[in-house]
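Participant: below are the sequence and a predicted model; questions follow.
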Amino acid sequence: MSEEDAYYFSRREPAALPVYRILLNEAEATRYYLDPTTGRLLQRTDASRRWNRWLFDALHRFDFAAPIHAWPA
């Protein structure tokens, strides 16, 4: 990916871009974000972390900017 999405985005420091996003075809729909140069795991997001993203970040911090920018127009 060359742009942030709803789950991989900058918080205090800019998000490392570009990244490889790997989506697993499983019940948790786990997402892995990897550095394309080193192969280092930058972030792992599963179902519970996605719920936390929406329930805590979006509702408590009013952080709707990343998902709005990530959604197609």
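Facilitator: Nice, I can see it.
Participant: which intervals of the protein have sub-threshold pLDDT?
Facilitator: By pLDDT under 70, the low-scoring segments of the chain are 57-73.
Participant: and the helix or strand hosting Trp51, what does it pack against?
Facilitator: Assigned by DSSP states H and E, Trp51 belongs to helix 47-52. Applying 3 or more Cβ pairs under 8 Å, 6 or more residues apart in numbering; DSSP states H and E, one finds that helix 47-52 makes contact with no other helix or strand. Just so you know, the C-beta spots here come from the backbone N, C-alpha and C atoms, and that holds for glycine as well.
Participant: residues in contact with it?
Facilitator: Helix 47-52 is contacted from outside by 7, 27-30, using Cβ atoms under 8 Å, 6 or more residues apart in numbering.
Participant: could you do stretch 27-46 as well?
Facilitator: By Cβ under 8 Å, 6+ apart, the residues outside stretch 27-46 that reach it are 1, 7-8, 16, 18-24, 47, 53.
Participant: restricted to helices, list those.
Facilitator: Ala47 (DSSP state H).
Participant: just put the contacts of stretch 27-46 in TSV and tack on distance to Gly39 and neighbour count.
Facilitator: Shown next, in TSV, are those (distance: Cβ to Cβ, whole Å; neighbours: other Cβ atoms under 10 Å):
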residue	distance to Gly39	neighbour count
Met1	16	14
Tyr7	20	17
Tyr8	16	20
Ala16	13	15
Pro18	13	11
Val19	11	20
Tyr20	9	12
Arg21	14	16
Ile22	11	12
Leu23	17	10
Leu24	17	11
Ala47	25	12
Arg53	25	17
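Participant: and the contacts of stretch 27-46, which two are the farthest apart?
Facilitator: Farthest-apart pair in these is Pro18 and Ala47; separation 25.2 Å (Cβ to Cβ).
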